[in-house]
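Undergrad: okay, here's the prediction I keep looking at, along with the sequence it came from:
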Amino acid sequence: MGDLYRRNVGIVLCNSNNLVLWCERKDLRGQWQFPQGGIENGELFVDAAKRELREETSVVSVELVATIDAPLKYDFPPKIAARFNKKGQAMNWVLFRFVGDESEINLKTSEPEFRSWKWVDIDEAPKKIVEFKKVVYSKMVEIFRPYLKKDL
């Protein structure tokens, strides 16, 4: 992987109805995504996922359901690549089950990244994510979908 790709973790949080938390970016109105963030040196990606989820949504009441251990890569558009000085991101993914009360979800954090949130079916994500992330989101959904069957 080298230094071409930024180490990153994506977080899928599902509720008791097997819907997933979908967040609207604060800086780009109308663009939705899952919480995500960089993995710090020496940090395990599951720990990074818990940290990023807490930092971005205030959520801490979670149970680990599944992970994607082999990073899924995507390339940044040129403007974003220049900002990060990386070709793209190599994302590990974590699926958590939310075991708290919805009042725990608070996007008004010290450094807000999202303006709003909603629960959606996981199959909506690849259809609505920004184009350069579609392949990674589609693969992630393929892997996590069996954990989100409606009859669980």
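TA: Yes, it's here.
Undergrad: now do the strands in this structure.
TA: Using DSSP state E, the strands of the chain run over 5-14, 20-25, 32-33, 36-38, 62-75, 88-98, 114-120.
Undergrad: looking at these, which is closest to Ala49?
TA: Ranking these by proximity to Ala49 (C-beta to C-beta) places strand 88-98 first, at 3.9 Å. C-betas here are computed from N, CA, C, even on glycine.
Undergrad: buried sites along the longest helix along the chain?
TA: The longest helix of the chain (DSSP state H) is helix 45-57. The neighbour-count check on helix 45-57 (16 or more other C-beta atoms under 10 Å) flags 45-46, 48-53, 55-57 as buried.
Undergrad: can you lay out the residues you listed as a markdown table showing distance to Thr109 and pLDDT?
TA: Shown next, in a markdown table, are the buried residues of helix 45-57 (distance: C-beta to C-beta, whole Å; pLDDT from 0 to 100):
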| residue | distance to Thr109 | pLDDT |
| --- | --- | --- |
| Phe45 | 21 | 98 |
| Val46 | 20 | 98 |
| Ala48 | 16 | 98 |
| Ala49 | 16 | 98 |
| Lys50 | 15 | 98 |
| Arg51 | 12 | 98 |
| Glu52 | 11 | 98 |
| Leu53 | 11 | 98 |
| Glu55 | 6 | 97 |
| Glu56 | 6 | 97 |
| Thr57 | 8 | 98 |
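Undergrad: count of neighbours near Val9?
TA: By other C-beta atoms under 10 Å, the residues close to Val9 number 29.
Undergrad: contacting residues for it?
TA: 36-39, 45, 48-49, 52, 91-94 (C-beta atoms under 8 Å, 6 or more residues apart in numbering).
Undergrad: possible to save these as a markdown table with distance to Lys73?
TA: Output for the contacts of Val9, formatted as a markdown table (distance: C-beta to C-beta, whole Å):
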| residue | distance to Lys73 |
| --- | --- |
| Gln36 | 14 |
| Gly37 | 16 |
| Gly38 | 15 |
| Ile39 | 14 |
| Phe45 | 14 |
| Ala48 | 17 |
| Ala49 | 18 |
| Glu52 | 19 |
| Met91 | 7 |
| Asn92 | 11 |
| Trp93 | 12 |
| Val94 | 17 |
